[in-house]
Structure formats: C-alpha cells, structure tokens
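# Structure of the sequence below:
(3 chains)
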Amino acid sequence: MTPTSFGKGCHLHLIDGSAFIFRAYHALPPLTRKSDGLPVGAVAGFCNMLWKYVTDEHGSDAPTHAAVIFDHSSKTFRNEIYPAYKANRPEPPEDLRPQFPLTRDATRAFNVSCIETEGYEADDIIAALACQARDAGGSVTIVSSDKDLMQLVGDGVRMLDPIKGKLIGPEEVAEKFGVGPDRVIDVQALAGDSVDNVPGAPGIGIKTAAQLINEYGDLETLLERASEIKQPKRRQTLIDHAEQIRISKRLVTLDCDTPLEGSLQDLEIRDPDPDALLGFLADMEFRTLTARVAERLGAEAPAVTSAPPSSAPAAPELPAIDHAGYQTVTEMAALGDWIAAITEAGQVAIDCETTSLDEMQAKLVGISLAVVPGRACYIPVGHVAGSDDLFGQAMLVEGQLPQDQVLAALKPVLEDPAILKIGQNLKYDWKIFARHGIRMASLADTMLMSYALNAGSHNHGMDELAERYLGHKCIPIKELIGSGKSQITFDRVAIDKAAPYAAEDAEITLRLYDHFTPMLSDQRVTTAYELLERPMIPVLADMELAGIKVDTDTLKRMSNAFAQKMAALEDEIHELAGEKFNVGSPKQLGEILFDKMSLAGGKQGKTGAYSTSADVLEDLAAEGHDLPARILDWRQISKLKSTYTDALQTHVDPDTGRVHTSYSITGAQTGRLASTDPNLQNIPVRTEEGRRIREAFLATPGHRLVSLDYSQIELRILAHVADIPALKQAFLDGIDIHAMTASQMFGVPVEGMDPMIRRRAKAINFGVIYGISGFGLSRNLRIPRAEAQAFIDTYFQRFPEIRAYMDKTVADAKQDGHVRTLFGRRINTPGINQSGPAAGGARRAAINAPIQGAAADIIRRAMIRMPDAIRDLPARMLLQVHDELVFEVEESAVDDLIAAARRIMEGAAEPAVKLNVPLVVDAGQGMNWAEAH
DNA sequence: ACGCTCACG
DNA sequence: GACGTACGTGAGCGTA
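Numbers count the residues shown, from 1 in each chain, chains lettered A, B, ... in the order given. Purely as a prediction, here's the structure:
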C-alpha cells in the first residue's frame, strides 16, 4: 500500500494512551502473568480496549490514520514555568510502573503508531498533531475524555469519550466550561486545577470564570479592566493574582508547535501483523484475547504456556477493603475481561442480588464477581426505575446488559468444574442460577467453612463473619432498601448505590475464603467440610426446587372445621370463666386461673407472669378442673389452624402448586438441618387430629410418597460410641430396645411386660441422650423426684459404660473447647468451663452433640449419595426430617426406590465408620404423607 | 423485639 | 447446700 499524503478526506484518530492505561489499571483486577508474576492487569485491559477500538466499525467516521500518544516523563517544559505544576500527582502505583513500556509494546504489536516526546506531555503532542491535520484539510477525533484537551475542539476537531461512547463538539465543551472552545483556556486559567496543581485565581471556579469571560470577552481584557469589577473581593483577587493567572494560562495552554518526528502520512492505518500481535499476546499469557484475536485474523493461536513460578511468591499484604477498585460492568467487552480474568485465576467469588429471599420467586437483579481482593465488579441486569410507567409496569433502567446475554456468557464459567465458585450461602445462588438453566459446579461456601470450623461458637452470616474475621463492617442492606413498611426491593435500588454493596459482598466472600482455607486443615475439619457440608448444596437445592405438592382445598376444609370448633370452645371457656377474655393470651388466662379462680400454681419466669404451659394446665385438668382442659383443647386446635392449615396455604407456590421449604445447613449447632419458610420438619404426627394435616401432602397423580426413616438411630449411635455391650447385643438381635432396657433395669422378662414399665425405660433411654437429671425425668414421667433419681441410678449401674462415656465427653469438651462426632464434625462448646447454672446446660449440650451430630452426619451421607443411587429411577427426594427422607416416585417404581434408598441409608456410615450395631430403616408408602409415614 | 407456647426429631 | 434442670429446632401470637 502506497502512503497517501494527508489531506482533505483524511480522518485522524488520536488516542490518549495514558488515559487508556489508567482506566485499564483501575478497571481490572491486578492480574499477574502466571509464569513469573509480572503484573499485567493494565496491559490486559489496554489490549482489550485497543482490540475493541481497532475492530470497531466506527461507521462513516472510520479513521484513515491513527496514533496512540503517551506521556514520556513527568517533567516537562511546564515545570520550568511553574515548578509546582502537577506536583500533587501521586507516584503511579508500584505494580503499574513496569506496565508502561509494555503498553508501548502492545501498541506497536497492534501495528498502531506510538508517539511520545521527551519534555512534552501527551496533550501537547495531540495538540500539535491535531493542528497539523486540521491545517492540512483533514478531520481529527481525539479519543479521550480529558477536559484539558477540550480547548482543541473546533473546526475539524472533535473528541470522543471512549467510556461513554459520546462525541464531544463545541456544544458539549460549552456545556462543560460555559464558554466556547476558543475561550476554554481563559476559563481554566482563572479556575485553576487542583489535580494538576494549576493555581488560577483563588476563590474562582469554572462558573464564575465563565461568567467573567463572557462579560469581558477574553482573559487579557478582563485583567486589564479588573478594576471595573463591582464585587470588591473578586476585583481584588483578580488584581492581586494577575500574574499567577497569566502563568496559569501558559500552563493550561497546549502547545501546537510541539516538535514532531515524522509526518502524518506515517500514521496511516495498517493491518496488524498476525505473528507479531499473537506473539505479543501469547507472551503476555492472555489466553482469551489471544484466542479471540487469532479467530478474527484467521490465524492459528500460538500455545499460551505458563509454567508456574518455581517458588511461591510471598503473600502480598492485603489492602484495606475499599470501594475504589469496584467496577460496574455495562459492556460485554468488560464482562469478557472479567471472564478472562476468572479463567486465568481458576476461581471467582460470586454473589447474586435479587428481589426476594424466596429463591422460587426471586428475580435476578445483578451479579457481583471478585477475582482478587481489592477488585470486584457488579453486573446490573434487572434494576428498574423508582416509578412505574403509564401502565404500571416496572421499567428497566438504561445502561444494563441484557440478562440473558450476561447469563449466557457466565454459564460456561459457572458450569466449568475447573473453575471454583466461591460464595457465601451458595445454595441460594445455585437455585437462582438453576432457575435460569445453569447448574453451578465446583463450589466453595464460606458459610459452610465457618460452620465446619465454628459451629457452636457463633452464627455464620456474612456480616457477622466479616466483622469477626476481617474487622470490616458491611454496608447494611437497610441503607439500600430501607426497612419495615417503606422497604423496597433490590431492583429499585439505584445502580450506583447497589454496585458498591454488591461488589463488597463478593470481595468479602473472597477474603473470607482465603482466611478460612488454611484454618480447615489446621483445625482438622477439612474432611467434615468436604464430605458433610459442601456436597449438601446441590442436593438440598434440588430438593427445595422440587417442593412437595400440598392440597389447599383440604387445608381450607380443615381450617373451616377448626374455626367452628374453636368458636364453640371459646363460648364454653368464657362460660366456665364467667367472663369474656382473649383465650390466646397467656397473661389474661393466667390471671383468670390463678387470681380470679385461685387455682394452685405459682408465678414463673423473669417476667413474673403465671405459666400456663401445657404441663401446668394438664396438672390442673387432672385435678378435675374443666377450664384448663378446654383451654388445652382450644390451644391444640388453634395451633393446628394458625401454624398449619392457614399458614401452610400461604406457602404454596403459585407457579408450581407446591410447597418449597428452605433447609438451613448451618442453622443447628449439631449438624442437623433446619427447615424454614415453611418449617416442614414439625408437621404434626403425634396426635390423630394433627396427623391429618399430613393428608394434605400429596403425591402427584401416578406417583406415591415414600418415607424411609432410621429406627432408633441415636440410641444405636450411643450403643456404638459408648460401647455398651448389652445395648449393642439388643440391636444386633433386633429386639425391642426399650423393653430390653426395662428388663435389664427391673429384672422383669421382656415377654408380657407392663407397658408402664417399658414407658419408663423409654423415657430414660431418651433422657440419657440429652444428659438426664432426676428432676427432668421426674417431670417427664410425673413421678416423684426421688423415684426418678433411683431409676437413673439403677440405669447407670446396669450400663456403667454410659456414665464413662458422658464423663469422658465432658472432660474432652473442657480440655479442647469442642467435641467431635464419629465422622469428624466439630461442635464447639464455648460455655463448658463456665460456672453456675449455665454450666449444666453446656454440659448436657456437650453430651448430646456427638450423638445427635453423628445421626445428622449419617443421614447427610445418605442424602449426598442418594441422587446417584436413584438416578435411573423415576423418583425425587423431597424432604428430610432429621431421621426420615421423603421421596416422590412413580407408583411402578415404589419397591425399587425403597430397596435402593434403604441400601444407601443403612450403609451410610460406611466406609468412614464401621458401626458395630446395624442401622435399620423402616419404609412406608402411600398417596399422601399420612399414609407413607 | 421478646417471651410464651407448642409443633417436630 | 443452692441453683435450675433433658438435647436440637421454627413459627405464630400477644405484649411491651
């Protein structure tokens, strides 16, 4: 191609290279080259921007010539005029400096001209080139948003803000400075510039400067006629500082006569040389960009290899948490940069912002990502305007990437098993993504790490963890969405408010991950975390998404029946009481029973209120009082109605017709799950009336509900861990464990045993697991305390291993501050060395935790293996109720499912632990949960 | 916001 | 000798 001389019809683009570099540096994480740790984040961003720029079509304004202009050094001729010029400028960051020469190399690799001149600023070179090109009859676009360049705008010269994609002409300049481009330097001379340390006139800003210039025409006239100014202070300022203002003008005036090497012809646009460009990119180890460029150029991408450094670099000191490094991603190219950074790093901290805590209803509002501490981004996709449009529809705010494009771009990363996704309570995000067809793989969860380390010590919410382990107070969500009645959903939060909050969440998650990771192995809970916590995420998420069908018609019918029954009972109660009162108020009831009717039963609790709990009322009823008996009836019905038949209906999902509970993995200290919204782990079963609620939990047509539950799992674990021969033998023989206990304690044969005796033995068996006391047993069995104590003494005599186990457990807890289950789960016992009444509670909790915890571990192990075991069956696991799993299965496969699930459940302790008692699982099936249980 | 009460394992 | 007393949960209601 022959160089044509620059002239009419030519279009020169002048790119402000320094601005590109700084923008790239601040927008991207501090990436380093894998092989040697060279910082290359700014280079990566610079290359991405340059690539985007050279592949941009630019429409009819396509450049014929282009150059990237850099600052050469910090000292320029302006320092001779005014030594303090740009003296306020901080030194560029340590990890940016080595990247300056690399950006020149990058520019040359793209085959774009690269210009810098000793002693001159980039702005002067740009000015000189622009003047030359304009004088030759061509047009010029300066790619920069630097206001100092606006003085150059005019005939044939305009600017392009590369971030906003906005063209800047004389009108835009006038908007900014209040004067035309030709008077910009006058205004700048007066207003000064604190960033560049241009003094200007004290107390005069752009507004006043523009006003003065517009009034007097130009700066020189203004200074000459300064004495005419009416405002005394302003007049004096201009007179006193005339010389300083003139110097300022020289500082801000760009030098069109800056010496230039070469001619404009040399700047003609050239295609990049594929070998040179790809060689450079591969050398920088930019995998994604190398591949992208190779594809576009139709060349083969060179292999990007990055041997890890031979010695691990010292961990850099973490910067304080600060929102300055956060980016709001509004362009696919920027998202591409992040994805490239994630791919390089092999891990990402991620957090979804949504409109609701209910994952079934929540709409995605934005996603935040963090790859290294200090840099995070927020990708808004669902923010809407504060007010609706004319039709009451929420309007998406502009400047957001389309949600489906963002998700499509992130899907490969999220599903890539080679990229670790780090989250805080990732089950939530997993479900959100699952609803968009993305199944996240390779997960790390800081909430679960904290739980594996610190169950028993504190809760595991992010705000608490951040404060406790990072010393950082998070932005309270209430600052964004408010609270109470005026609370808004997250989609109505302004993006500029949401971004720092959301990005901070991702960064904190990342830092917590780095904090907890070494602690897991140090404190020997890696196995518990990896085998008992982490794998629960997708298992529970799938169960929760599946939900269980609940028949609202049945519930409604029950509600009506309960309402009638309650009304009748209320009449009867008011009659018996001799006055009307709120039957649901324990306070009013207590006053009626104990003040008005003077029944026996004293005050209780710190509040001084009378206790009207069920056992108090039962005692009164047993003495023949009708009122307490009716109250007990009323309370039972009231509970069933309010908590179950009424509240349950509100939890039926309108889209699925099913109830989707949420399981909290870290809610219970012992490893048990907790079920919320609604709690499906406390659906009534003990009374006939309550059990009927379970008739409303249905299998879908052609299906059955199947329930499998562990028989006496905690007693079996006790028999194993405390090594109690009599108990173990009973379980091996498959005999009635409570009858055996009674037989051993009281010396009566199992055959033909008095049910009352068995009941007492059963109460003791359970009591032992809880850290029994004579008082507790006496109250439970309603027998004299001395008698209860005598039973316990007998029990321990007969099974001395239990006492030994309890003493050992408490001693271990006192020494270690924690206890462990058979499977290595750690439960902290912070209160164990307390004195006083609290010590008793801590002691009992420490005794119970390894038993309850081991049972929880076992069913978790079963649940984790279950999806694989039932993969080929038309069945889904729906619910867990501590020792029970509920499935929904096509009716033809009921027996297969029971066989498969039972095999998994009964073998769940193995191979980690070989129990010396068998685990036994009972199964039931039916059209509804009442039948199945 | 807190305590009481009660549903479950 | 007194103290408070069975372990682990969640939800709805009344009261402050």
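# Summarise which helices and strands the helix or strand containing A:Leu369 is packed against.
Per DSSP states H and E: A:Leu369 is located in strand A:364-372. For strand A:364-372, the helices and strands in contact under the criterion 3 or more CB pairs under 8 Å, 6 or more residues apart in numbering; DSSP states H and E are helix A:332-345, strand A:347-354, strand A:375-380, helix A:403-415, helix A:495-522. C-beta coordinates here come from the backbone N, C-alpha and C atoms, glycine included.
# which residues sit against the shortest one?
Yep, that's strand A:375-380 we're talking about. A:28-30, A:325-330, A:334-335, A:338, A:349, A:365-370, A:397, A:399-401, A:406, A:495, A:498-500, A:502-504, A:506-507, A:510 (CB atoms under 8 Å, 6 or more residues apart in numbering).
# can you check the second one too?
Outside strand A:347-354, the residues that touch it by CB under 8 Å, 6+ apart are A:342, A:362-371, A:376, A:413-414, A:419-424, A:428-429, A:432-433, A:444, A:490, A:498, A:502, A:505-507, A:509-510, A:513.
# re the thing from before, restrict the contacts of strand A:375-380 to the buried ones and give me that as a PyMOL selection.
One line in PyMOL is enough to select the buried ones among the contacts of strand A:375-380; burial here means 16 or more other CB atoms under 10 Å:
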select buried, chain A and resi 28+29+30+325+326+327+328+329+330+334+335+338+349+365+366+367+368+369+370+397+400+401+406+495+498+499+500+502+503+504+506+507+510
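# need the helices for the stretch 1-150 of chain A, in chain order.
Using DSSP state H, counting those that start in this stretch, the helices found in the stretch 1-150 of chain A span residues A:17-27, A:41-55, A:77-81, A:99-109, A:122-135.
# count of neighbours near the residue of the stretch 351-500 of chain A found nearest DNA strand B?
Nearest to DNA strand B, among the residues of the stretch 351-500 of chain A, is A:Ser483, at 8.1 Å (CB to the nearest atom of the strand). A count of nearby residues for A:Ser483, using other CB atoms under 10 Å, gives 10.
# hmm, back to that, A:Asp646: which of the helices of the stretch 1-150 of chain A is closest?
Put simply, out of the helices of the stretch 1-150 of chain A the one that sits nearest A:Asp646 is helix A:17-27, at 52.7 Å, with distance taken as CB to CB.
# related to what we said a few turns ago, so what's the predicted local confidence for the residue of the stretch 351-500 of chain A closest to DNA strand B?
Among the per-residue scores, A:Ser483 holds a pLDDT of 79.
# so what's the backbone phi/psi at it?
Backbone geometry at A:Ser483, expressed as degrees, to the nearest 10, gives phi -150, psi 170.
# and it, what does it touch?
Applying CB under 8 Å, 6+ apart, no residues contact A:Ser483.
# Kindly report the same for A:Gln132.
Listed by CB under 8 Å, 6+ apart, the contact partners of A:Gln132 are A:Leu260, A:Leu264.
# any idea how far it lies from DNA strand B?
The spacing between A:Gln132 and DNA strand B, counted by CB to the nearest atom of the strand, to the nearest Å, is 68 Å.
# cool, and A:Val917?
Looking at A:Val917 against DNA strand B, where the rule is CB to the nearest atom of the strand, the gap reads 17 Å.
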